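Enquirer: need a structure here:
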Amino acid sequence: MIFALIFFIFAIILLNGFAAGMAAAIYLKRREWPRSRRILIAVALAGLIPVLMFSGVALFSPGSVEETGLVIGFLLLVFGGGGALVSLPGAIMMSRMVERGPSLGDTFE
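Expert: Residues are numbered from 1 along each chain as shown. Now for the predicted structure:
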């Protein structure tokens, strides 16, 4: 029980960090995009991480094609949506921080 709790807390921290990194990387590549688009793409990419992790098990398990598609759809809906929802604060915080820029004037005051 405690191991599962530690795993989920660690996963939440990693997903937030990945979403924040993706938001910063997207800002460096596409500065003209609005903040909402950068956040949406970063959150979507972070939400795909758990789906890609668990979909390999579903693809290579014995079963019919319909079952595999149903399992992958379920993974996409539950784990992708959950991962996207959990990683939203990291992407929002980094997008705002990157647009603000460095505070160079108050370093030694």
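Enquirer: Quick check: the gap between the residue nearest the centre of the chain and L88.
Expert: Nearest to the geometric centre of the chain sits A46, at 1.9 Å (Cα atoms, centre = their mean). Computed as Cβ to Cβ, to the nearest Å, the A46 to L88 distance reads 9 Å. C-beta coordinates here come from the backbone N, C-alpha and C atoms, glycine included.
Enquirer: Determine the residues that are contacts of both of the two.
Expert: Common neighbours of A46 and L88, counting by Cβ atoms under 8 Å, 6 or more residues apart in numbering, are A19.
Enquirer: Run the chain-centre distance for the helix or strand I9 falls within.
Expert: With elements taken from DSSP states H and E, the one containing I9 is helix 2-29. The chain centroid and the centroid of helix 2-29 are separated by 6 Å, computed with Cα atoms, centre = their mean, to the nearest Å.
Enquirer: Pull out the buried residues from it.
Expert: Neighbour-count burial for helix 2-29 flags 12, 15-16, 18-24, 26-27 (criterion: 16 or more other Cβ atoms under 10 Å).
Enquirer: And the next helix or strand past it?
Expert: helix 35-59.
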